[in-house]
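Novice: following is a predicted model, sequence given first.
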Amino acid sequence: METDYILRITQPLLQGAWTTVYTFLIVIVLSIPLGFLATLMANSRIKVLSGAAHSFIYVMRGTPLLLQVLFFCFGLPQLPVVGEYLVLDRFVAACLAFVLNYAAYYAEIFRGGLLSIDKGQYEAAQVLGLSRLQTMTKVLIPQMIRVTLPAMANESITLVKDTALLYAVAVPELLYYAQAAVNRDFTITPFFAAGVIYLLMTLLLTLLFRALERRFKFE
């Protein structure tokens, strides 16, 4: 009987898991380059750019992600004058909050990776006559990726779990369907099933990053 029940709830849970995966992919694809851009801005000699980047990172890392999700979903439309133009779909608003939040965290990870690179690498690139763009793409970024992969793996796994915050704004993701099944059927089995799905997703992500770490380690 329990097996039949698990099979019955699997379809809606997998539907919610797809929303979780879809959100994860959107955030990863957008937040990593935005985070790197924020790192470059923070290290800029132009004080306006540097100050804006540092302020962005401080605010996004210093306030709870849940608060940011609620603000983008329900706070933006309440802003005076411009609020009526900032009414977004809840999923879009939540994804925007996730992207900005994780961009700030990735920016700090990338900053640490750049700081770990010996200054002699910069000097060697100048001696070889490489431009700043060539130095960045051929010398600094490959070394930065190698150093930051473990931290990026941890942050990405955290992102998978943080997608459960979509439940707070009634976006139908994995936890949303699990909670609905619990309320309907008066059993906690859906929570266990959802936990297994989360574990499988984080396991796959862990294996992927380990493969990437091995690749960059031996390059």
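Specialist: Now that the structure is in, tell me what you want to look at. This one's a predicted model, so the numbers in the text were calculated from it and none came from an experiment. Numbers count the residues shown, from 1 in each chain.

Novice: name the helices or strands packed onto the longest helix belonging to the chain?
Specialist: Counting by DSSP state H, the longest helix found in the chain is helix 2-42. Here helix 2-42 is seen to pack against helix 47-62, helix 90-115, helix 141-162, helix 174-185, helix 189-217 when contacts are counted using 3 or more Cβ pairs under 8 Å, 6 or more residues apart in numbering; DSSP states H and E. (Glycine included, C-beta is placed from N, CA and C.)

Novice: most packed of the ones you listed?
Specialist: helix 90-115 (a mean of 21; mean count of other Cβ atoms under 10 Å).

Novice: what's the angle between that helix and helix 47-62?
Specialist: 120 degrees (axes from the mean of the first three to the mean of the last three Cα atoms, to 10 degrees).

Novice: which residues sit against the helix or strand just after helix 90-115?
Specialist: Scanning forward in sequence from helix 90-115 by DSSP states H and E, the next helix or strand is helix 119-127. Helix 119-127 is contacted by residues Gln134, Thr135, Val139, Leu140, Gln143 when judged by Cβ atoms under 8 Å, 6 or more residues apart in numbering.

Novice: give me the angle between helix 119-127 and helix 141-162.
Specialist: 130 degrees.

Novice: low pLDDT regions in this protein?
Specialist: 1, 122-123, 218-219 (pLDDT under 70).

Novice: nearest residue to the one residue sitting closest to the centre of it other than its sequence neighbours?
Specialist: In the chain, the centroid-proximal residue (Cα atoms, centre = their mean) is Tyr102; its distance is 4.4 Å. Residue nearest to Tyr102 in three dimensions, not counting chain neighbours: Ser31, with 4.0 Å by Cβ to Cβ, 6 or more residues apart in numbering.
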